[in-house]
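1. sequence first, then the predicted structure, then my questions.
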Amino acid sequence: MTSSSDLSLKGSNIDTKEEKNNQEENLDVEQVKKTLETKKEKLQQTKKIKKNLKQLKERKFEQIDSEFEKLILQLQKKQKLFKKNIARVYQKKFTLLEQKEKTLKKHINILKSIEEKKKETEGSNVEKGKEKEKEEKKEKGKRKEKRKKEEKKEKVKEKGKTKEKEIKKEKKDKNGERRSKTKKKKSFNQQYQDILNSKNKNVNLTEELQIGFEIKGKKELVDCVQKLSLERKSQKGNGSKIQFKKKQVNFGEFGKFDRYGFLIDKNIQQKEYEEQKKKEIDTIPKWLELIKQWDHSSQFNRKKLKKMMKISIPDCVRGAIWERLLQTSSQSTKKKNHKLYSSLLEKNHPDENQIYLDINRTFNLHQNYREGSEQLKLFELMKRWCNCRPDIGYVQGMSYIGATLLLYLDEQTAFWGLITIMKKYNLEKYYNNEFYLVRLRNYQFTELLKNHQPKLSSHFAKFSIQPVTYSMKWYLTLYSGIFDFNFTIRIWDFFFLEGDNFLLKMALSIMIYFENEILKFDFENFYLFFNDLKNQKIDYEQLLKICLSLKLKKKKLDQLEQEFKNGEK
């Protein structure tokens, strides 16, 4: 019994175990199923996520592509605009360069035409001179033949006609009374001929001789002028060993020349000339008093002198004033340096040929410098200067300065005056090899013009007009030959009083005076206009007022000079 029961129990236990195992297996299967289902769900989710990511990527790529295309289009547009702008800029530059080339060609053509005209005029003048020489030789030959014939006739007449000689003697006796009457007139005229023909040109009384000295109050004036001329005669140097005959003054010819000795220009207004002459004549006594005070005190009232100079220095006293301003009137210094002065002419200089050529072109319209001894004096003055300062030598333009000095001073005084002008007034820096002071003045001129006249400055920049084209001659000749001589010597008066800054002031005042005309000119017309200033209608009194009203501060000029030096470095 026990065995069957035990077996049943064992069978039941086994069944229970199997059931448990089956249940466990079922549970495992379900779990596996669940895990599989979860994995499937996750896979599906991942797939969806991947799809979404792909879609997002595609969308983003599409956006990026569209934006990139837009950027490319924008860049292409900008490139096109940039190319257009560059093309415009280069077109402008090329047009400007072409314009500059055209203007330069015009300038070159103008200069060539001017040089050709000069050559033609010089050639015509040379041909005329040769023709004149031939005519003069022919006339001299004819005169000699006439003289020979007359001498033969006189010899024949003298042998058989003694009675005619007696008749002539009687006539001479009768004419003796007339001659005695005319002696006084001749002596009077000879005094003034000596004054006019003297080496010193301080005294120039051609107009007073035309008027006559019967007017009251003139006699004392004439005595003072004679004293001045005699003083200058005593101060003359021997000069060169060669002596030239003085030309006789023909008072009938003075109608052809003005009071300075130049041929009368029809364009000069006679009314202004006469008014200026009257003003000068009225002020002569005051100037003579000023000279006396100056000589006694060895000083002068600068304000009073400038005030009187605004009216003008009378021509008969100008030389005396220049001597005192240049401090060349002392006889002791002349005696000390007389040996040096005389020795300077003995040496030869390589610039003599150039001096000779320039002298023939200097003041051709002046009666003294057309031919004869005055040209030789000018030649000797320039030669002495070259031997005194061989480091500078002769430069074109110096002949005008020497010629103007010789019109008012004797040879020795003119030489020492030239030396003081070069040193005291810094004119030697205008003439050195690099023309330093000319370049400095041009720089100062352009900068000051920007402040005083900005319209003119921009106009000059537009047409590339440089100061060198017109100012070189102004500075190197001290405006000689640029204006009427009546105004040029007034510039010299103030130049001796104020110094070389006055030359810069005058250049600025010329631009201010002609501003309206200049703004209408291009380079060609500007050059032609300023190359012929002498024949323009100019109110010289107004121009001088503008110049005297300008005030150039020394600090400003020094600052500009420093800028110029730094720029050259």
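-> Nice, I can see it.

2. so residue 456: helix, strand or coil?
-> Classification of residue 456 using DSSP: H, G, I helix; E, B strand; the rest coil returns helix.

3. neighbours around it, how many?
-> 19 (other C-beta atoms under 10 Å). (Each C-beta comes from the backbone N, C-alpha and C, glycine too.)

4. wait, it touches residue 519, no?
-> Yes. Using C-beta atoms under 8 Å, residue 456 is in contact with residue 519, at 7.1 Å.

5. and the protein, what are its domains?
-> 259-424, 431-568 (automatic domain parsing).

6. where among those domains is the average confidence lowest?
-> Here the lowest mean pLDDT among the domains of the chain goes to domain 259-424, at a mean of 84.

7. now do the contacts for residue 106.
-> 523, 524 (C-beta atoms under 8 Å, 6 or more residues apart in numbering).

8. averaged over its residues, what pLDDT does the stretch of helix or strand it belongs to have?
-> For residue 106, the element it lies in under DSSP states H and E is helix 2-160. The average pLDDT for helix 2-160 rounds to 78.

9. chain center to stretch 29-44, what's the gap?
-> Mean-position distance between stretch 29-44 and its chain equals 108 Å (C-alpha atoms, centre = their mean, to the nearest Å).

10. so which of the domains of the chain comes closest to residue 69?
-> Of all the domains of the chain, domain 431-568 sits nearest to residue 69, with 48.3 Å by C-beta to C-beta.

11. any idea how far apart the tips of the closest one sit?
-> End-to-end distance for domain 431-568: 19 Å, by C-alpha to C-alpha, to the nearest Å.

12. now for residue 494, how many residues are close by?
-> Per other C-beta under 10 Å, the neighbour tally for residue 494 reads 19.

13. what is the strand or helix carrying it packed up against?
-> Using DSSP H and E, residue 494 sits within helix 485-498. Counting contacts by 3 or more C-beta pairs under 8 Å, 6 or more residues apart in numbering; DSSP states H and E, helix 485-498 packs against helix 302-311, helix 315-326, helix 398-408, helix 501-513, helix 540-549.

14. relative to residue 345, which of those is closest?
-> Closest of the helices and strands packed on helix 485-498 to residue 345 is helix 398-408, at 14.1 Å (criterion: C-beta to C-beta).

15. CA atoms of the next helix or strand after that closest one as CSV?
-> Later in the chain than helix 398-408, the nearest helix or strand by DSSP H and E is helix 411-424. The C-alpha coordinates for helix 411-424 follow below in CSV (Å, rounded to 0.1, in the frame of the first residue of the first chain):
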residue,chain,number,x,y,z
GLU,A,411,78.5,153.3,-62.2
GLN,A,412,80.3,152.8,-58.9
THR,A,413,77.3,153.5,-56.8
ALA,A,414,75.2,151.2,-59.0
PHE,A,415,77.7,148.4,-58.5
TRP,A,416,77.7,148.7,-54.7
GLY,A,417,73.9,149.1,-54.8
LEU,A,418,73.7,145.8,-56.7
ILE,A,419,75.9,144.1,-54.1
THR,A,420,73.6,145.4,-51.2
ILE,A,421,70.5,144.3,-53.1
MET,A,422,71.9,140.8,-53.5
LYS,A,423,73.0,140.5,-49.8
LYS,A,424,70.6,142.7,-47.8
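
16. pull out the buried positions in stretch 391-408.
-> 392-408 (16 or more other C-beta atoms under 10 Å).

17. one step back: for the helix holding residue 494, which positions count as buried?
-> So helix 485-498, judged by 16+ other C-beta under 10 Å, has buried residues 485, 486, 487, 488, 489, 490, 491, 492, 493, 494, 495, 496.

18. so who does the fifth one touch?
-> For residue 489, the residues meeting the contact criterion (C-beta under 8 Å, 6+ apart) are 260, 318, 404.

19. what's the separation between it and residue 407?
-> 9 Å (C-beta to C-beta, to the nearest Å).

20. what's the neighbour count on residue 421?
-> The number of residues packed near residue 421 is 20, by other C-beta under 10 Å.

21. that one touches residue 328, doesn't it?
-> No. Using C-beta under 8 Å, residue 421 is not in contact with residue 328; the gap is 10.1 Å.

22. report the central residue of this protein.
-> residue 471 (1.3 Å; C-alpha atoms, centre = their mean).

23. thought that one was touching residue 439?
-> No. With contacts counted by C-beta under 8 Å, residue 471 stays clear of residue 439, the gap being 10.4 Å.

24. and the closest residue to residue 367 other than its chain neighbours, what are its phi and psi?
-> Closest residue in space to residue 367, ignoring its immediate chain neighbours: residue 261 at 4.8 Å, by C-beta to C-beta, 6 or more residues apart in numbering. In terms of degrees, to the nearest 10, the main-chain angles of residue 261 are phi 100, psi 0.
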